[in-house]
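Student: turn this into a model:
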Amino acid sequence: MPEVTQKVYFDIEVNGELSGRVVFGLFGKVAPRTVENFTRLCACDAGVGQLSGQNLCYENTIIHRIIPNFIIQGGDFTHQTGIGGESIYGGKFDDETFEIPHNKRYLLSMANNGPHTNGSQFFINTVKVSWLDGKNVVFGMVVEGTDVIDELEHLGTNSGIPREKVVIVKSGIHVW
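Tutor: All right, here's what the predicted structure looks like:
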């Protein structure tokens with residue numbers, strides 16, 4: 001795996017109860033623009049979106065999609081449904097690299113609607129998902145809190161709608 005250049009975190013609640021902290025190691029030398037976008041959305045320091053007018057921040061957003069043996073997805077701070085979101089660059093931005101394959105669990109990738117449509121939505125894969133190679137940018141991995149990810153995966157359904165309300169209640173830069 002590439003060198004981790006930055007760490008960020010999510011504190012996750014399930015139905016109002018703290019589930020735990022997930023810490024991501026980000027690959028800033030491989031995908032600097034993507035890492036900058038995710039880091040700023042975690043830090044909540046990028047102001048409001050040029051298109052949405054909403055705070056560019058992951059705090060108090062839901063994990064809207066959990067499919068067991070596939071992914072856990074969030075980052076839609078504009079609609080909370082999976083149809084929205086916005087990058088710190090305004091709207092969407094281009095795919096930066098497909099250098100890192102989806103060849104292991106707990107990788108962090110950008111969710112998109114096709115080529116060059118990265119915004120704020122992300123996913124964590126819970127199995128190897130090699131069919132996404134060349135389609136989604138991998139820019140980090142879970143370095144702490146895999147137990148939280150495993151717990152969340154059990155809340156998933158085949159439709160993707162989580163059985164419980166899962167919220168990122170706090171996000172930020174992880175000091176290491």
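Student: who touches I71 in this structure?
Tutor: Taking CB atoms under 8 Å, 6 or more residues apart in numbering, we find I71 in contact with 65, 123-126, 129. Placement of C-beta: from N, CA and C, glycine included.
Student: mind running it again at 6 Å?
Tutor: For I71, the contacting residues are 123, 125, by CB atoms under 6 Å, 6 or more residues apart in numbering.
Student: and if you look at E59?
Tutor: E59 is in contact with 44, 170-171, counting by CB under 6 Å, 6+ apart.
Student: so it is in which element?
Tutor: Using DSSP states H and E, E59 sits within no helix or strand.
Student: how many other residues sit next to the residue nearest to it when sequence neighbours are not counted?
Tutor: The shortest distance from E59 to any non-neighbouring residue, by CB to CB, 6 or more residues apart in numbering, is to S171 (5.2 Å). By the measure other CB atoms under 10 Å, the count of residues near S171 is 24.
Student: D133 is in contact with E99, isn't it?
Tutor: No. Applying CB atoms under 6 Å, one finds D133 not in contact with E99, separated by 10.1 Å.
Student: longest single helix anywhere in this structure?
Tutor: helix 32-43 (DSSP state H).
Student: now the element after that helix, going C-ward?
Tutor: Next along the chain after helix 32-43, taking DSSP H and E as the criterion, comes strand 61-67.
Student: list the strands paired with the very next helix or strand once past that following strand, with their directions.
Tutor: As assigned by DSSP H and E, the chain's next helix or strand after strand 61-67 is strand 71-74. Next to strand 71-74 in the sheet, as set by DSSP bridges, lie strand 61-67 (antiparallel), strand 122-125 (antiparallel).
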